[in-house]
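# Sequence plus the predicted model coming up.
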Amino acid sequence: MTTPLALGVLAGAVLSGTSLLYATLGETIVERAGIVNLGLEGVLLIGASVGFAVTAATGHALLGLGAAAMAGGLANLMLGWLVVVRQANQLASGLAMLFFGFGASALIGAPYVGAVITGLPKWRPALLAALPWVAGSTLCNYDILTWLAVPVAVLVWWALFRTSWGLGLRAVGESPAVAFASGRNPAILQGQALAAGGVLGGLAGAHLSLSLTLTWAEYMTGGRGFIAIALVIFSKWHPLRAVAGALLFGGAEALQLQLQARGSEISPFLLEMFPYLLTLLVLLAWGGSRRLSAPAGLGRTFYGMD
Amino acid sequence: MPEATGTRTGLGAPAWRRLLGWALVCGIALALFAAVLLAAGKDPLRAYADTFRSTLGSAYGFSELLVRMTPLLLTAVAAALPSRLGLINVGGEGQLYMGAWMASAGALAFRAWPAWLLLPCVALLGFIGGAAWAALPGLLRAARLVNETIATLLLNYVAPLIVSYSVFGPWRATESSAYPQSSAFPEAALLPAYFETRVHAGLLIALAALLAYWVIMEKTRWGVDMRAIGGNPEAAQRLGLPVATWIVVALAIGGGAAGLAGMGEAMGIHGRLRVGLSPGYGFTGFLISWLAGGRPLGILCMAFLFAILTSAGDTLQITQGLPYSAINLLLALILFIVLARRPGRRAAR
């Protein structure tokens, strides 16, 4: 019994972790540029609802995925208009985005409640399928988002730490004034970061509705946006460490689901608390060191150079 | 460079201009929301007319507004009091659920007690439930370990699970009912209702809480201390103010207010503990407090306004077949407009 449980948790960790990883990567880019998007949960909901609605309407999950990515990017650009152009308070703007996501996703998803869709296609390379303990399990049978999750994390790392664009972006996050003085445009870089982060957030939401649940339900993201914000802190604003974080939290969720599926004696409601409490615990353990690794300009509004 | 001044609902603006400003904000938001409803193939004008008729159009409708205002006032105080210290309590929803949960535990455990003993005890338990749920993030924040915003947000997801666990498990009503709920509370635990309506004693508690908030902030030394900490925590610390203690206490009292809101819903409206106790009252209360700038009179007006606006959510659900949560879009639009027109520098909390 123990081996299948471990395998089930591992397979589930990868599946649940995919969405968390995309969301965490998106928020990492945005926070590296000095902006906190507390409304990430809302962006995920928009991605999940738009992805599901478009898939249900057209019958093509990949179209739904594309639409979700665009919707996420647009949502974040709207946030950017508030916090960068209008220089509004970031936390309040993030909460506005949260409410926007609650309301917009409910409206978008309403006509498609109960709709049946074909989710994202999954495949398993023949080479892996030949392995003995893989063949009979759900292990390694993944959709495109899961297969691309780690490459995307590497791509984000490369873009942030190995390109001139990423250097400028991080400079804006540390000190917009210095970045401005050295010839970068903080507003444009922050806008680009928000757009990229929004696309990743939209994909994260779409993975939930198009691959994990294959349904639309209000509030279906269940706080994953907030867990992802905590994961950014956990991974110390580093895309590659985010992979480990997403696997850990995906594992927490998978363990909870596996125990439920196996008819555990513990109430499912108590099991469902596990990921949230683990998040708090991790924040607690990491609390002391966070100030050292956070971008120095995080959450501050840049008012220009005069 | 943003314009330094402009038409905005600032502290200095005279009352009529502030009122005009709010009317404008609501007008724009309602127009935008109408456009969205139209795009969704619904009839916004009918929805607005229905909402108006069902709220301000009759004495009973008005009483239902007061019913809805009750938890909103308390959750707004829950956000407002910590905000004076610069703390962001977005956990009203969870604190509301924990208040309802603790109050229910008392009502079910001491069913034999007379009303004069049981009712205060249940109210106190409601306060304690919410206070404890907020004190936890307060302690983490005071110890400089976890930011209170993210901690209160996360705990919002845990509290309803505790309620679900109790309602589906040990407290589940034995008398029939496929609907998961606790067994009915004893008569003695229920808050009295007035004027043949659902307006219950919770409204008096809410108004008293708002009054107490005003008195504490404006008339006592505690208010001065709290505002000093909110203005400059480092300076307050050097002055010898117990900053860490105040952080925990302010969050706990705020959480207690939200807990009273949950107690009121359970003891005044449902008479049982139910899973869907709150359609986001905690979040709406935060919005109310934020938009009112934490000012007591502003909270009163905003709570009334938001009671009407969220009533539109019910109308949409009943007459237009839209989910209640669609109303969050209208609340978001109001917030967007206020944020966009409030120019920088004067960073609002």
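Received it, and whenever you're ready, just let me know what you need.
# rest of the way, CA atoms for contacts and neighbours
Fine.
# what's the helix or strand for the residue positioned nearest the centre of chain B?
Geometric centre of chain B, nearest residue: B:T75, 2.4 Å, by C-alpha atoms, centre = their mean. Assigning secondary structure by DSSP states H and E places B:T75 in helix B:59-83.
# so the residue nearest to the centre of chain B touches B:S278, yeah?
No. Using C-alpha atoms under 8 Å, B:T75 makes no contact with B:S278, being 11.3 Å away.
# Give me the common contacts of these two.
B:E93 (C-alpha atoms under 8 Å, 6 or more residues apart in numbering or on different chains).
# about what we covered before: is there proximity between the helix holding B:T75 and chain A?
No. Interface with chain A: helix B:59-83 contributes nothing (C-alpha under 8 Å from any C-alpha of the partner chain), its closest point being 12.6 Å away.
# Check which element follows that helix along the chain.
helix B:92-109.
# Are that next one and chain A in contact anywhere?
No. Using C-alpha under 8 Å from any C-alpha, we find that helix B:92-109 stays clear of chain A, coming within 12.8 Å at best.
# next one: stretch B:333-341
Yes. Contact between stretch B:333-341 and chain A is present through B:L333, B:L335, B:F336, B:L339, B:A340, B:R341 (criterion: C-alpha under 8 Å from any C-alpha).
# in the chain, which ranges drop under the pLDDT threshold?
Assuming you mean chain A. Scanning chain A for pLDDT under 70 picks out A:1-3, A:126-127, A:129-139, A:287-292, A:304-306.
# that's the other chain; I wanted chain B
For chain B (pLDDT under 70), the answer is B:1-13, B:175-178, B:342-349.
# try 50
B:1-10, B:344-349 (pLDDT under 50).
# Mind jotting down where the strands sit in it?
With DSSP state E as the definition, chain B shows no strands.
# and the residue of the stretch 51-200 of chain B nearest chain A?
B:L145 (4.3 Å; C-alpha to the nearest C-alpha).
# and the stretch 101-250 of chain A, which of its residues are near chain B?
Near chain B, when you scan the stretch 101-250 of chain A using C-alpha under 8 Å from any C-alpha, you find A:101-107, A:110, A:222-223, A:226-227, A:230.
# Buried members of these into PyMOL, please.
A single PyMOL command selects the buried members of those (16 or more other C-alpha atoms under 10 Å in any protein chain shown):
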select buried, chain A and resi 101+102+103+104+105+106+107+110+223+226+227+230
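# May I see the residues of the stretch 101-250 of chain A next to chain B organised as a markdown table, with distance to B:W116 and secondary structure added?
Converted to a markdown table, these look like this (distance: C-alpha to C-alpha, whole Å; DSSP: H, G, I helix; E, B strand; the rest coil):
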| residue | distance to B:W116 | secondary structure |
| --- | --- | --- |
| A:G101 | 45 | helix |
| A:F102 | 42 | helix |
| A:G103 | 43 | helix |
| A:A104 | 47 | helix |
| A:S105 | 47 | helix |
| A:A106 | 44 | helix |
| A:L107 | 47 | helix |
| A:A110 | 47 | helix |
| A:G222 | 41 | coil |
| A:G223 | 41 | coil |
| A:F226 | 43 | helix |
| A:I227 | 44 | helix |
| A:A230 | 46 | helix |
